[in-house]
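# The sequence and its predicted three-dimensional model are supplied below.
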Amino acid sequence: MFDEVAPGYDRTNAVLSMGNAALWRIATTRAVDPRPGQRILDVAAGTGTSSASLAKSGAAVVAADFSPGMIEVGRRRQAHVPNLTFTEADATDLPFGDDEFDAVTISFGLRNVVRPEAALAEFFRVTKPGGRVVVCEFSTPATAIVRTGYDVYQRFAMPALVKLSSSNDTAYDYLNESIREWPAQPELARWIRSAGFERVAYRNLTGGIVALHRGFVPAA
């Protein structure tokens, strides 16, 4: 499914988010706080748009995704970014050693993992002591009025927009289903704590339609 939507993935995301995808990317990059000399892992990186944003800092960024189609498009589109590399990887079985990265991040990909708690455990394993994890994911709107409006958007507006912007609108039926089934902010925070991270916190973006979670590996 992801291989099929890869060519138009970024365009469709921009349309469906009504431009908010760029703002969410900025917030995520600031939360990761990449710096020159650091090594950052971006999981479920897709075409590498978020990875390229992280790499602007001068950090060495590894964009990992399980979809060969996404990786192929990403390598082509981000070929001008010298400190960005792509690798095919399973989030629940990362091909990296322990304590390799200063930070691990995943944007809108954790809910696509069959065993998200196993993925969080892998993120903990490959992150250095004192390092951080940042998870940006669709979530539960904080107020009833936003929840109602978002539900109407998902049911009626989103399918129409997908037909206009994507070559595979059926694949995006999965998007709505996965968002509805995804746990609310406190539950995801509990999963992150259970993986071993400390100082876990989250903040809502766009009224809680998206939430940004962050946690730290205990320092040695």
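Received it, and whenever you're ready, just let me know what you need. Just so it is clear, the model here is predicted, and its values are computed rather than measured.
# what residue ranges in this protein score low on pLDDT?
Within the chain, the stretches with pLDDT under 70 are 1-19, 159-173.
# In it, spot the helix with the most residues.
Taking DSSP state H as the criterion, the chain has its longest helix at helix 20-32.
# How about that one, which residues are buried there?
21, 24-25, 27-29, 31-32 (16 or more other CB atoms under 10 Å). In short, each C-beta sits where N, CA and C put it, glycine included.
# One more: stretch 206-220?
206, 208-217.
# For residue 140, state which of those is nearest.
residue 208 (6.0 Å; CB to CB).
# rewinding a little: including distance to residue 84, could the buried residues of stretch 206-220 go into TSV?
Listed next are those as TSV, based on distance: CB to CB, whole Å:
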residue	distance to residue 84
206	27
208	31
209	28
210	24
211	26
212	22
213	24
214	22
215	24
216	24
217	23
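# This structure: strands as residue ranges?
39-43, 60-65, 84-88, 101-107, 127-138, 198-205, 210-216 (DSSP state E).
# So for residue 117, which of those strands sits nearest?
So among the strands of the chain, strand 127-138 is nearest, using CB to CB, at 12.2 Å.
# Could you spell out the sheet neighbours of that closest one, each with its direction?
Sheet pairing of strand 127-138 (DSSP bridges) gives strand 101-107 (parallel), strand 210-216 (antiparallel).
# May I have the last one as CSV, with CA atoms only?
Going back to what we said before, that points to strand 210-216. C-alpha atoms of strand 210-216 as CSV (Å, rounded to 0.1, in the frame of the first residue of the first chain):
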residue,chain,number,x,y,z
VAL,A,210,-2.1,15.7,16.6
ALA,A,211,0.0,15.2,19.8
LEU,A,212,3.7,15.5,20.2
HIS,A,213,5.2,13.1,22.8
ARG,A,214,8.7,13.2,24.2
GLY,A,215,10.7,11.1,26.6
PHE,A,216,14.4,10.6,27.6
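# Of the strands of the chain, which is nearest residue 72?
With CB to CB as the criterion, residue 72 lies closest to strand 84-88 of these, at 8.8 Å.
# Now that closest one: buried residues?
84-86.
# what about it, distance to the chain center?
Put simply, strand 84-88 sits 15 Å off its chain's centre (CA atoms, centre = their mean, to the nearest Å).
# how big is the angle separating that strand from strand 39-43?
Per axes from the mean of the first three to the mean of the last three CA atoms, to 10 degrees, the angle that strand 84-88 makes with strand 39-43 is 40 degrees.
# Next, count neighbours for the nearest residue to residue 180 once chain neighbours are set aside.
In this structure, residue 180 finds its nearest non-sequential neighbour in residue 154, 7.8 Å apart by CB to CB, 6 or more residues apart in numbering. Residues near residue 154, counting by other CB atoms under 10 Å, number 15.
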